[in-house]
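[1] 3D, please:
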Amino acid sequence: AVIVGAEAVSHAAAGTVRAAGAEVVALVTEPARAPAAPARTLDARLRHRTPVLTGTTVTELLGHGRLSGVRVRHRDGRTAILPCDTVVFTGDFVPDHELARRGGLTLDPGTRGPAVDGALRTSRPGVFAVGSVL
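    Residues are numbered from 1 along each chain as shown. From the prediction side, this is the model:
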């Protein structure tokens with residue numbers, strides 16, 4: 001299986017896939033740094049021997065009638081094919097920030113969602129943002 005995302009939920013999904021007896025070929029994530037805690041990424045790479053491909057996107061699902069692999073593109077333009085029969089989408093979603101943008105909220109360039117402080121306040125008084133914006 002290829003896991004799209006490298007967040008905490010992605011690592012949990014990889015564990016579930018392994019517990020079911022399947023192999024995890026790689027965790028693939030667009031950000032240049034895996035968003036999960038460094039210890040989780042190190043655990044995936046060393047203990048489970050699972051590559052965590054950062055700066056990488058899945059560009060194509062391959063196969064006819066049945067998945068046989070995915071094509072990925074690395075940030076430097078290189079492409080590769082990862083053989084697999086399963087893809088688990090767990091993260092790396094691009095938020096739909098249209099409402100926040102139209103509402104004049106400051107957007108976080110890293111998450112592309114509303115920017116918040118430690119109390120989840122946005123740039124507009126009385127407006128809070130909590131959870132994922134999808």
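[2] so what does the helix ranked longest in the chain touch, helix or strand wise?
    If you go by DSSP state H, the chain has its longest helix at helix 8-19. Helix 8-19 is packed against strand 2-4, strand 26-28, helix 38-46, with contacts defined by 3 or more C-beta pairs under 8 Å, 6 or more residues apart in numbering; DSSP states H and E. Glycine gets a C-beta too; all of them are placed from N, C-alpha and C.
[3] doesn't residue 60 make contact with residue 67?
    No. If you go by C-beta atoms under 8 Å, residue 67 and residue 60 don't touch, sitting 11.0 Å apart.
[4] so between those two, which is more surrounded?
    Set residue 67 next to residue 60 and count neighbours by other C-beta atoms under 10 Å: residue 67 wins out with 16 against 11.
[5] where's the closest residue to that one other than its chain neighbours, which helix or strand?
    Spatial nearest neighbour of residue 67, excluding adjacent residues (C-beta to C-beta, 6 or more residues apart in numbering): residue 85 at 5.4 Å. Secondary structure assignment for residue 85, by DSSP states H and E: no helix or strand.
[6] and residue 85, what does it touch?
    1, 66, 67, 68 (C-beta atoms under 8 Å, 6 or more residues apart in numbering).
[7] before we move on, the earlier item: same question for the longest helix of the chain, mean pLDDT?
    Helix 8-19 comes out with an average pLDDT of 88.
[8] ok now it, how far from the chain's centre?
    Chain-centre distance of helix 8-19: 13 Å, with C-alpha atoms, centre = their mean, to the nearest Å.
[9] with stretch 20-31 instead?
    11 Å.
[10] now do the same end-to-end measure for it.
    End-to-end distance of stretch 20-31 (C-alpha to C-alpha, to the nearest Å): 28 Å.
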